[in-house]
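**Student:** Make a model of this:
(one chain, ligands or ions: 2)
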Amino acid sequence: MKEKFFFRCRTCGYEIKDFKEWFEHNQKCTKCGSGKIYTVYSTPQERISELINTENEPKSLWHYFDFLPLNDKKNIVTDGEGVAPIERWKFLEDYAKRKYNLELEIFINRNDKSFATGTFKDKGGSLAASVLKEQGIKEYVVASTGNTATAFAHYLAKAGISCSIFVPENALSDSEAHIGTYGQKLFRVKGDYAYAKKVAADYAKKHGILMTGGNLDPLRLEAKKTQVFEMLRIMGKMPDVYIQALSGGTGPFSVEKAFIDFKETGIFDKMPRFLLSQGDHCAPQAHAWTKAKKNGFPEGYQNEYPIYENPEVLIPTIATGNPGMYPLMAPLVRKTGGEIFEIKEELAVDIARLVAYERVIKIGPASAAGLAGLFESLKQGYINNGETVFVNMGESAGRALDFMKETAYTTEIISSADQCKRFNRDEYKELVWKPFENI
Ligand SMILES: Cc1ncc(COP(=O)(O)O)c(C=O)c1O
Ligand SMILES: [Zn+2]
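**Tutor:** Ligands and ions are numbered 1, 2, ... in the order given. Just a heads-up that it's a prediction; the model follows:
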């Protein structure tokens, strides 16, 4: 019988039989040593249509089990992740019309409702825990800016797997609280994310423990890929534009992976334009892109990018100062006709306020950076009239309580009722919209 899946090396084409072979060779191609592989499934591709056109609401990303790299359903470790709502946000559509005269359909993938840790990293956490359980692995090492760390800590704890986690010095304290509460080990590394990755790798090597691969790690990429299935299931079509805050790039790479897998079926008719935002305090990919664009994308442009050490940022979750994936990301963004650009990190609080006012939803700073990408794209003219826009937001404010406190703005200290002006919520509308009217 044919195996459900195998891996193909992106560099030399060699076929890696299974996770056992992949892990035994330290997550490198057995033949050429490359770390970049694709998961290939023997499931007939047409099966995806049935899964997308289901009558019943899926309970988790495991609805797409046939296209996930796990052999036996009994090993699934889940908490209902991966089916976070994708909603049309009319207040943003009205804004695009009012300010830029654009008729758009704007869909937001909220993710804040993900049950485990309230971020879109829960998908990867669930798949990783399931695969490691299936492989009988008892120990794992993760390096992350915060959200992946928290998700992996959660799911691996559920699977009874010890997880040693390395976060950069500036990672949010909420991540630390989550991870410590689950009884997983947190190492806060004195240094930036690149250095935290190095220390994690040294630790993993020293003790012979498996460690998370990069942004193309099948455990993360394959899980994230299901977002494309969800787009089609909920929106009934592919968007023209995909917006997300860019750190390492797993999100956009996963969209590409779905298109590669199902190219022949024509089910996903078009690849969206990637409009990817980076916080202005750490934007190496945006800087490299802007320079390359100015020079007309000369030969080998994708290999030139700056590296920022110890960046001082407001949104540490998306701060990758050494973007090793840029050489793959830039050509991909270019192929889609997209852009990589900066957004002002200072705007995150204003965006969170606006969303909380208009939708009564509390979002985290990395989500705000994603939504800032929409405002910047509108301003720069990256979006055309009549287009459908998908914004992958990523996290809830539960991931960043200090940030949520910053977004509150209505408190007054008083000592008698006479001092209190009678309250009308409508009066705040102008205040929360103000930063966006003169943007
Ligand atoms: C909420 C949120 N948005 C965006 C990103 C960036 O993800 P990537 O660039 O890996 O797709 C992250 C990564 O940590 C995140 O947690
Ligand atoms: Zn190879």
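
**Student:** does residue 354 really touch residue 434, like I thought?
**Tutor:** No - applying CB atoms under 8 Å as the test, residue 354 and residue 434 come out as separate, 9.7 Å apart. Quick note: C-beta positions are derived from backbone N, CA and C, even for glycine.

**Student:** and these two? which has more neighbours close in?
**Tutor:** Higher neighbour count among residue 354 and residue 434: residue 354, with 26 against 12, using other CB atoms under 10 Å.

**Student:** hang on, that one in a helix?
**Tutor:** Yes - Residue 354: assigned to a helix according to DSSP: H, G, I helix; E, B strand; the rest coil.

**Student:** mind listing what residue 143 touches?
**Tutor:** Counting by CB atoms under 8 Å, 6 or more residues apart in numbering, residue 143 makes contact with 165-167, 193, 196-197, 199-201, 211-212.

**Student:** Could you export these to a markdown table, including columns for secondary structure?
**Tutor:** As requested, the contacts of residue 143 are exported to a markdown table (three-state DSSP):
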| residue | secondary structure |
| --- | --- |
| 165 | strand |
| 166 | strand |
| 167 | strand |
| 193 | helix |
| 196 | helix |
| 197 | helix |
| 199 | helix |
| 200 | helix |
| 201 | helix |
| 211 | strand |
| 212 | coil |
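
**Student:** Quick check: mean pLDDT of stretch 150-170?
**Tutor:** Mean pLDDT, stretch 150-170: 96.

**Student:** end-to-end on it?
**Tutor:** 15 Å (CA to CA, to the nearest Å).

**Student:** Next: stretch 109-128.
**Tutor:** Using CA to CA, one end of stretch 109-128 lies 22 Å from the other.

**Student:** next one: stretch 404-419
**Tutor:** With CA to CA, one end of stretch 404-419 sits 27 Å from the other.

**Student:** Centre of the chain to that stretch, how far?
**Tutor:** Its chain's C-alpha centre and that of stretch 404-419 lie 35 Å apart, by CA atoms, centre = their mean, to the nearest Å.

**Student:** Contacts for that stretch, please.
**Tutor:** 349, 352-353, 356, 362, 397, 420, 428, 431.

**Student:** Can I get the helix or strand that contains residue 285 in CSV, CA atoms only?
**Tutor:** Assessed by DSSP states H and E, residue 285 sits inside helix 284-294. Extracted in CSV, the C-alpha atoms of helix 284-294 (Å, rounded to 0.1, in the frame of the first residue of the first chain):
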residue,chain,number,x,y,z
PRO,A,284,15.1,44.3,7.2
GLN,A,285,13.0,42.6,4.5
ALA,A,286,11.1,45.9,3.8
HIS,A,287,14.3,47.8,3.6
ALA,A,288,15.9,45.2,1.2
TRP,A,289,12.8,45.2,-0.9
THR,A,290,12.5,49.0,-1.2
LYS,A,291,16.2,49.2,-2.3
ALA,A,292,15.8,46.3,-4.8
LYS,A,293,12.7,47.9,-6.2
LYS,A,294,14.4,51.3,-6.6
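
**Student:** CA atoms of the helix or strand that comes right after that helix as PDB?
**Tutor:** For helix 284-294, the succeeding helix or strand toward the C-terminus, using DSSP H and E, is helix 326-335. Once non-C-alpha atoms are left out, helix 326-335 reads as follows in PDB (Å, rounded to 0.1, in the frame of the first residue of the first chain):
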ATOM      1  CA  TYR A 326      14.300  36.700   2.400                       C
ATOM      2  CA  PRO A 327      16.000  35.100  -0.600                       C
ATOM      3  CA  LEU A 328      13.000  32.900  -1.000                       C
ATOM      4  CA  MET A 329      10.400  35.400   0.200                       C
ATOM      5  CA  ALA A 330      11.300  38.300  -2.100                       C
ATOM      6  CA  PRO A 331      10.900  36.300  -5.400                       C
ATOM      7  CA  LEU A 332       7.600  34.900  -4.100                       C
ATOM      8  CA  VAL A 333       6.200  38.300  -3.300                       C
ATOM      9  CA  ARG A 334       7.400  39.500  -6.700                       C
ATOM     10  CA  LYS A 335       5.800  36.600  -8.500                       C
END
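
**Student:** Could you single out the nearest of the contacts of stretch 404-419 to ligand 2?
**Tutor:** Lowest distance from ligand 2 to the contacts of stretch 404-419 (CB to the ion) belongs to residue 397, with 42.7 Å.

**Student:** Can you get me a residue count around that closest one?
**Tutor:** Neighbour number of residue 397 under other CB under 10 Å is 24.

**Student:** tell me the strands in the protein, going along the chain?
**Tutor:** For the chain, applying DSSP state E gives strands covering 5-9, 15-16, 37-41, 86-88, 105-109, 139-143, 162-168, 185-189, 210-211, 241-245, 273-279, 339-343, 388-392.

**Student:** Contact partners for residue 106?
**Tutor:** Contacts of residue 106 by CB under 8 Å, 6+ apart are 88-89, 92-93, 96, 374, 389, 391.

**Student:** Kindly report the same for residue 387.
**Tutor:** 102, 104-105, 239-241.

**Student:** Apply 10 Å and report the result again.
**Tutor:** Contacts for residue 387 (CB atoms under 10 Å, 6 or more residues apart in numbering) come out as 96, 102-106, 239-241, 272-273.

**Student:** again with residue 437
**Tutor:** 95, 98-99, 430.

**Student:** on that earlier part again, ok, so of the contacts of residue 143, who is nearest residue 185?
**Tutor:** Closest approach to residue 185 among those (CB to CB): residue 165, at 6.4 Å.

**Student:** just to revisit the earlier point, among the contacts of residue 437, which two are most distant?
**Tutor:** 99 and 430, at 15.1 Å, using CB to CB across the contacts of residue 437.

**Student:** what about these two, which has more around it?
**Tutor:** The neighbour count for residue 99 versus residue 430, taken as other CB under 10 Å, is higher for residue 99 (15 against 9).

**Student:** my guess is the more buried one contacts residue 93, does it?
**Tutor:** No - with contacts counted by CB atoms under 10 Å, residue 99 stays clear of residue 93, the gap being 11.3 Å.

**Student:** who touches both of the two?
**Tutor:** The contact sets of residue 99 and residue 93 do not overlap (CB under 10 Å, 6+ apart).
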